[in-house]
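*Asks:* Fold the stuff below for me.
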Amino acid sequence: MLRPGEPWGSLGVLEPSAPVFSNDRDLATFIQPFVMNDASNRATPVVGLAGGDLCATLGGRGDVADRLGCKTMLLPVDVGLAVVDGQAQHAFVAHVLWRARFWRGPAVAAMNADLLGAWRPAPRAHPGDGKLDVVQGQLGLRERLIARKRARTGDHVPHPDIAIARTTQTSITLRRRPLWIDGTNVGSCARLELSLAPQAVLVAV
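*Replies:* Numbers count the residues shown, from 1 in each chain. Next comes the predicted model:
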């Protein structure tokens, strides 16, 4: 786990054969077998990331393919795990959103990256610190509009109706609502279990 003041990442070679992903969901799909099964005897996968919210969080510019076969910074990134209604399992690298349309009613955002498009729902989220930032809240229409504007800079928090917990594992039950994992709708959900696989993949951006 990354500790305050410690350097993050190390110089290494991004092999010419390393896979390069242009979005969060494709990376999560690739890494899922490594984190869902016992990977203790496997080498940590090394990948390039050319797009998506994790890439943007890491300062990527989309040009990682230019460094294939070269030395570059390799960053150890945590991977989230979501269990939906006690059955379906999904890996994620950036975020899980559990919300109704227009964010009406109770909503949850589990953030591994600190960016959700142009928003920063969890300004302290870091993909290498061994923690998920789980944001929960229920805002009225006027407050949602204000929070939407302020979320671009992370200034929507602190807020009395928004709670952020930094955790490695949690379970949440809400009335059934749509679930989005790394930008992909995976159906609806009433119970969500979240955990984290620390430093499960080395990423170059």
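*Asks:* So in this protein, which strand runs the longest?
*Replies:* Criterion DSSP state E: the longest strand present in the chain is strand 184-204.
*Asks:* Quick one: list the elements packing against the lengthiest helix in the chain.
*Replies:* As assigned by DSSP state H, the longest helix anywhere in the chain is helix 24-36. In terms of contacts (3 or more Cβ pairs under 8 Å, 6 or more residues apart in numbering; DSSP states H and E), helix 24-36 is packed against strand 46-49, helix 53-57, strand 70-84, strand 88-92, strand 184-204. All C-beta atoms are positioned from the backbone trio N, CA, C, and that covers glycine.
*Asks:* Contacts for it next, please.
*Replies:* For helix 24-36, the external contacting residues (Cβ atoms under 8 Å, 6 or more residues apart in numbering) are 19, 21, 42, 45, 47, 49, 52-55, 79, 81, 89-95, 113, 181-184, 197, 200-201, 203.
*Asks:* Recalculate using a threshold of 7 Å.
*Replies:* If you take Cβ atoms under 7 Å, 6 or more residues apart in numbering as the criterion, helix 24-36 is touched by 19, 21, 42, 45, 47, 49, 52-54, 79, 81, 89, 91-94, 182-184, 197, 200-201.
*Asks:* Out of the helices and strands in the chain, which is least certain?
*Replies:* Every helix and strand of the chain was ranked by mean pLDDT, DSSP states H and E. The lowest is helix 141-150, at a mean of 51.
*Asks:* so the following helix or strand past that helix versus strand 184-204, what angle?
*Replies:* Sequence order places strand 162-167 as the next helix or strand after helix 141-150, per DSSP states H and E. Taking axes from the mean of the first three to the mean of the last three Cα atoms, to 10 degrees, strand 162-167 and strand 184-204 form an angle of 50 degrees between their directions.
*Asks:* Out of the helices and strands packed on helix 24-36, which one sits most buried?
*Replies:* helix 53-57 (a mean of 24; mean count of other Cβ atoms under 10 Å).
*Asks:* for that helix, the distance to its chain's centre please.
*Replies:* Here the centre of helix 53-57 is set off from its chain's centre by 9 Å, with Cα atoms, centre = their mean, to the nearest Å.
*Asks:* Just the CA atoms of the longest helix of the chain, as CSV, please.
*Replies:* Extracted in CSV, the C-alpha atoms of helix 24-36 (Å, rounded to 0.1, in the frame of the first residue of the first chain):
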residue,chain,number,x,y,z
ASP,A,24,-11.3,1.4,-18.3
ARG,A,25,-13.7,-1.5,-19.0
ASP,A,26,-11.4,-3.3,-21.4
LEU,A,27,-8.6,-3.2,-18.8
ALA,A,28,-10.9,-4.5,-16.1
THR,A,29,-12.1,-7.3,-18.3
PHE,A,30,-8.5,-8.3,-19.0
ILE,A,31,-7.4,-8.2,-15.4
GLN,A,32,-10.5,-9.9,-13.9
PRO,A,33,-9.1,-13.5,-14.1
PHE,A,34,-6.0,-12.4,-12.2
VAL,A,35,-7.9,-10.9,-9.3
MET,A,36,-10.8,-13.4,-9.1
